[in-house]
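Novice: Got a predicted structure plus its sequence, pasted below:
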Amino acid sequence: MRRSVIPGFGLSLGITLLYLGAIVLLPLAALILKASDIGAAQLWAILSSPRTLAAIRLTLTMALVATLFNALYGTLLAWVLARYTFPGKRLLDALIDVPFALPTAVAGLALTALFSKSGWFGAPLDALGLQIVYTPLGIAIAMAFTSIPFVVRTVQPVIEDLGSDVEEASRSLGANDLQILSKIILPSIFPALLAGASLAFARSLGEFGAVIFIAGNQPMKTEIVALLAFIRLEEYDYPAAAAIASAMLVMAFVMLIITNAVQAWQLRYLGKSGT
Amino acid sequence: MTAKPSAPVKKDWMVTPVGAGPVTRCVVLGIVAVLTLFILVAPLAVILTSAFAQGVGVFLRNLGDPGTLHAMWLTTITALIAVPVNILFGLAAAWTVTKFEFPGRTLLIALIELPYSISPIVAGVAYLFVYGSQGLFGPLLEQLGIKVMFALPGIVLASMFVTAPFVARELIPLMQVQGTDEEEAAVTLGASGFATFLRVTLPNIRWAVLYGAILCNARVLGEFGAVSVVSGNVRGQTTTLPLQIELLYQDYNVAGAFAAATTLTAVALVTILLKLLLERLSGDERPLT
C-alpha cells in the first residue's frame, strides 16, 4: 500500500467493513448457510418442482418482454432528450425519474387501477377482449415501468457524446439517414443499450411491490419467483424459502457478472472509437 | 440517474444531422409524447384522481385513519434512523476508497454496490435467517427477550440493507474526480484529519451528500419487498406506509389505499424537484450522477 499523508484510513475502513459486514454480508451468509443445510437432493427437489419452475419461467420471460420494450422506448426517450430541443424537455427529463422515486407499491396500485376492467386503459382494452390485470402481460407492464430509467440514463450520455465527425463524413460520402443510423449511430450506442438493458433486466427479475398488485398471483399462472419465496415463508416452509431466495441470489450474481462484463466492453468500445 | 439535461448537440457545420428532418422529428416526438403520457404520466394522474374521487373530506378522513397514521409514524421513525446512519456509512466508505490505495479496493467498491443488485425480497428472507426464530441469533435473542424480527429493529435493518449504496454511489465518482491534492495540502500545513474533512472535503461534496440522502430517504420511505418480509405485517403495529397501502387495498378500501399513496407520491415528486434543484446548485462542482 502506498503511504498517504491523509489520516483516517483505519477509522473509515473500520466503519465501512463493520457496516458492510453487519448489514449486508451477515444476512447473505446466513441465507447461504441455511440453503447449504438443506442438502443437494432436497434443494434440487424444491427448485425443480413444477410450481417453482413455472414461477422461474414466468419471471424470466416477462422480464425479457419488459426489457425489450424498454430497450425501444428507452432509446427513443434518450434520443429525443439528447438530440432535440422542444418545449417541455426539462419536464420530460424529470419524468424519467418517476419510476425510481415512486415507491413500487404505489406504482403497482396505480397500474392496477389503470388497467382494471373499469380503469382508463382497462375499459377500452376490455372492449377489445384484451385483459391485462391478473395476466402475465400485467407483470411485464409493472416490470417495464419500474426499470425504464436504467435504459434511458445509460444510453442518453452516449448519444450526447456521439462524435459527429463520422456522421458528417458518411453524409459527405453520400450516405442517407437510414444508412447512417444503421451503420454508424446504432452500432455506437449498442454497447450502452446492452448495459442499460441488462440493468433493467436484473431489476425486473427481483421486482416485487409493483408486480404483486397487478399479477393476481395465481400459482402456475401469474406467480413470480419473489412472491413464491414470500409465500413459502408465510407457510413456515423455511427450507423452500431459503432455496428459492438463494436461487434468486445466484441469478442476481450472474446478472451482475454479465452487466460488469458488458460495461467493461462498453468502456473499451468507447475508448477505441475515440468518442 | 446518470445524466443531466445538457445543451442539444447542434453543430453548425452539420446541416442535416440524422433525424433532424421536420417529419422525422414530429413522428419521433409524437411517439415519445404519447408513450410517456400513457406510461409515466397516467399513473401519477390516476393516484391523484382516485384519492380525491369522493371529495376532499373523504380524502382527509382516509388519511386520518388510525392505521394509516401509525404507518406514517413508523415509516418516519425508520427513515430518521436509517438515513443518518447511511450518510455516515456513505461518507466513510467513499473516504476509504477514494483517498487511499490499498489491495482489495476494487472488491470493496463492488461490495458497497452489492445491495443494489439484490432483490429486496432476498434481503428480507436473508435477515430472517439471522434474527428470526430459525436464524443464527434467533434463539439467543429470544432468551435475552430482544425482538428484532417483526418489530422496528428488523424494519430499520432491512431498510439499511436496500439503501446502503445510495449515498456512497453519489460520492465515490465525485471524490474520485476531485482527487486528494487539496486534502494533502491541508494535512501538510498541519490541519487535523477531522478539520481537513470538515473544511476541505465536505464543502466540495455537500450537494452530492444531500442528493444521496434524499434518494436514500425516498427509498426508505417506499421500501416494500424487504420490509414486508421482516415486519410480519402486524396490523397497526409493524405496517409501514407502503404495507398499509397493500392492507387497505386487500380490504377493498381502494380510496383509503390511494389516500395513503398520495403522501408517498408527494414525497417522490418533492424528491425529483430537489434533484433538479441540486443539479443546478452543484453546477460548479460537477454534475450529479
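Specialist: Thanks, I have it. Remember, it's a predicted structure, so these values are computed and weren't measured experimentally.

Novice: For the rest of this, base every contact and every neighbour count on C-alpha atoms.
Specialist: Noted.

Novice: what's the closest non-adjacent residue to the residue nearest in space to the middle of chain A?
Specialist: Nearest to the geometric centre of chain A sits A:Ala200, at 2.2 Å (CA atoms, centre = their mean). The shortest distance from A:Ala200 to any non-neighbouring residue, by CA to CA, 6 or more residues apart in numbering or on different chains, is to A:Ser147 (5.0 Å).

Novice: residue contacts, that neighbour?
Specialist: Contact partners of A:Ser147, counting by CA atoms under 8 Å, 6 or more residues apart in numbering or on different chains, are A:Thr67, A:Asn70, A:Pro99, A:Phe100, A:Ala200, A:Phe201, A:Arg203, A:Ser204.

Novice: For whichever strand or helix holds it, buried residues please.
Specialist: Assessed by DSSP states H and E, A:Ser147 sits inside helix A:136-161. Buried residues in helix A:136-161, counted by 16 or more other CA atoms under 10 Å in any protein chain shown: A:136-160.

Novice: go on, stretch B:258-267?
Specialist: Buried, per 16+ other CA under 10 Å, within stretch B:258-267: B:Phe258, B:Ala259, B:Ala260, B:Ala261, B:Thr262, B:Leu264, B:Thr265, B:Val267.

Novice: near chain A, which of those residues show up?
Specialist: Filtering these for proximity to chain A (criterion: CA under 8 Å from any CA of the partner chain) leaves B:Phe258, B:Ala261, B:Leu264, B:Thr265.

Novice: Excluding sequence neighbours, find me the nearest residue to the second one.
Specialist: This means B:Ala261. A:Val106 (5.7 Å).

Novice: quick one: B:Glu223 and B:Pro242 touch, right?
Specialist: Yes. Assessed by CA atoms under 8 Å, B:Glu223 is found in contact with B:Pro242 at 7.0 Å.

Novice: got any residues that touch both of these two?
Specialist: A:Pro103.

Novice: still on that earlier bit, what helices or strands is the helix or strand that contains the residue nearest to B:Ala261 leaning on?
Specialist: Using DSSP H and E, A:Val106 sits in helix A:104-115. Applying 3 or more CA pairs under 8 Å, 6 or more residues apart in numbering or on different chains; DSSP states H and E, one finds that helix A:104-115 makes contact with helix A:122-127, helix A:136-161, helix A:209-215, helix B:42-51, helix B:241-250, helix B:254-281.

Novice: Quick check, the residue in the stretch 51-200 of chain A closest to chain B?
Specialist: Residue nearest to chain B within the stretch 51-200 of chain A: A:Pro103 (4.4 Å; CA to the nearest CA).

Novice: what's the burial count for the residue nearest to that residue when sequence neighbours are not counted?
Specialist: Nearest residue to A:Pro103 in three dimensions, chain neighbours excluded: B:Gly222, at 4.4 Å (CA to CA, 6+ apart). Residues lying near B:Gly222 (other CA atoms under 10 Å in any protein chain shown) number 28.

Novice: do the same with A:Leu72
Specialist: There are 12 residues near A:Leu72, going by other CA under 10 Å.

Novice: hang on, the earlier thing: pretty sure the residue nearest to B:Ala261 is touching B:Gln244, no?
Specialist: No. The pair A:Val106 / B:Gln244 is not scored as a contact, 10.9 Å apart, by CA under 8 Å.

Novice: And the contacts of stretch B:167-180?
Specialist: With contacts defined as CA under 8 Å, 6+ apart, stretch B:167-180 is touched by B:86-87, B:89-91, B:93-94, B:97-99, B:112-113, B:205, B:208-209, B:211-213, B:216, B:286, B:288-289.

Novice: Give me the subset of those residues that lies in strands.
Specialist: The strands, defined by DSSP state E, take in nothing from the contacts of stretch B:167-180.

Novice: Near chain A, list only the ones from the residues you listed.
Specialist: B:Phe89, B:Ala93, B:Lys99, B:Ile112.

Novice: What count of nearby residues applies to the third one?
Specialist: B:Lys99 has 22 neighbours, counted by other CA under 10 Å.
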